[in-house]
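Enquirer: when you get a sec, could you give me coordinates for this:
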Amino acid sequence: MIIDPHLHVWSDDEQTYPYGPSTPNQPGSVELLFETMAEAGVDKAVIVQPIHYLFDNRYVADCLKQYPDRLAAQALVDPTLPGAADELERLHKEEGFGGIRIHLSRYGDPAGLAASDKDPLWARARDHGLCFNLFGKAEDHAPIEPIIARFPEVNVAVDHIAGISADEPDPKPLLTNLLNWAQYPNVYVKISNVGQRSNEDYPHNDTQDMIKRIYDAYGPERLMWGTDFPHVLKGCGYRESLELIRHGMFFDDEDLEWLLCKTILKLWTFSE
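Expert: Prediction:
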């Protein structure tokens, strides 16, 4: 089984699901997603709530209700609001979300997202077995480390190789920070959006050394791939992003079982 743990969807019906802060410039419906997955032989997926709807999670929630055996999802919740923990719990219990994505660059100084007043949000995630995605500029990841350390029971998935560029100059402080996070067993890394980390055309060979160092630090049991659909359709292509992981890197068959399925099932569940 192959699961895509990082992608976005939005509806063709803008009247029912109006966009918020931005409007997408390409199709991205769940129907298009399933067509694209079928062509590549991908079985299940984890939707990450797109920024176009911001905190209006209704379209993704409706997708979950319609396809609970094929989809899991991460919502968006404003972590700075007093009711954030309650909203996280509601989205999980009533809508089936498996956690939330935290945009590290959206709420001022990222260090504020690790302050003690955010403990109730993380405690609620711990109590319900939910996980957090971390997304933002590479330099914004380090400030959130204290709360990761305080809540070892909360799984954390670092999106898109933490936004680190393959040509980061020595001594590579951003990559070093991500490698140091391997000390926390609850931290996982998505080998996703690889083309944006690269300065070379597909198959982005300049990323190999960085990814190998991450692999050596975390092991395949804490790594996963991800396509970033539908954005990948304007990049290398959906099938090609899968083939990059399967045949364009150093992973062996056992590694691929983890990156393409088993690691993902440690963080998200699907209805049978």
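
Enquirer: when you work out contacts or count neighbours from here on, use the C-alpha atoms and nothing else.
Expert: Will do.

Enquirer: nearest spatial neighbour of Glu87, skipping sequence neighbours?
Expert: The shortest distance from Glu87 to any residue other than its chain neighbours is 7.2 Å, reached at Val77 (Cα to Cα, 6 or more residues apart in numbering).

Enquirer: counting neighbours, what do you get for the nearest residue to Ala138 once chain neighbours are set aside?
Expert: If the residues on either side of it in the chain are set aside, Ala138 comes closest to Gly163, at 4.7 Å by Cα to Cα, 6+ apart. Residue neighbour count, defined by other Cα atoms under 10 Å, stands at 22 for Gly163.

Enquirer: pretty sure Gly163 contacts Gly136?
Expert: Yes - the pair Gly163 and Gly136 passes the contact test of Cα atoms under 8 Å, sitting 6.9 Å apart.

Enquirer: can you give me the buried ones in stretch 131-150?
Expert: Within stretch 131-150, the residues scored as buried using 16 or more other Cα atoms under 10 Å are 131-136, 138-144, 147-149.

Enquirer: closest to Glu272 among those residues?
Expert: Of all the buried residues of stretch 131-150, Cys131 has the smallest distance to Glu272: 20.5 Å, by Cα to Cα.

Enquirer: which parts of the chain are strands?
Expert: Using DSSP state E, the strands assigned to the chain run over residues 3-7, 44-48, 71-76, 99-103, 131-135, 155-158, 187-190, 223-224.

Enquirer: packing partners for the fifth one?
Expert: The helices and strands touching strand 131-135, judged by 3 or more Cα pairs under 8 Å, 6 or more residues apart in numbering; DSSP states H and E, are strand 99-103, strand 155-158.

Enquirer: over to the longest one?
Expert: When contacts are defined as 3+ Cα pairs under 8 Å, 6+ apart, strand 71-76 sits against strand 44-48, helix 58-66, strand 99-103.

Enquirer: before we move on, the earlier item: right, and the helices and strands packed on strand 131-135 - which one's nearest Leu259?
Expert: Across those, the minimum distance to Leu259, taken as Cα to Cα, is reached by strand 155-158, at 12.8 Å.

Enquirer: verify the stated contact: Lys65 with Glu95.
Expert: Yes - contact criterion Cα under 8 Å: Lys65 and Glu95 qualify, at 7.5 Å.

Enquirer: so which of those two has more stuff around it?
Expert: Neighbour totals were compared for Lys65 and Glu95, and Glu95 leads with 19 against 14 (other Cα under 10 Å).

Enquirer: the more buried one: what's it in contact with?
Expert: For Glu95, the residues meeting the contact criterion (Cα atoms under 8 Å, 6 or more residues apart in numbering) are 61, 64-65.

Enquirer: next one: it relative to Gln74, how far apart?
Expert: 11 Å (Cα to Cα, to the nearest Å).

Enquirer: try Ile100
Expert: In this structure, Ile100 and Gln74 are separated by 5 Å, where distance is defined by Cα to Cα.

Enquirer: just Ile47 next, same as before
Expert: Noted for Ile47: a distance of 6 Å to Gln74, by Cα to Cα.

Enquirer: same question, Tyr238
Expert: For Tyr238, the distance to Gln74 equals 21 Å [Cα to Cα].
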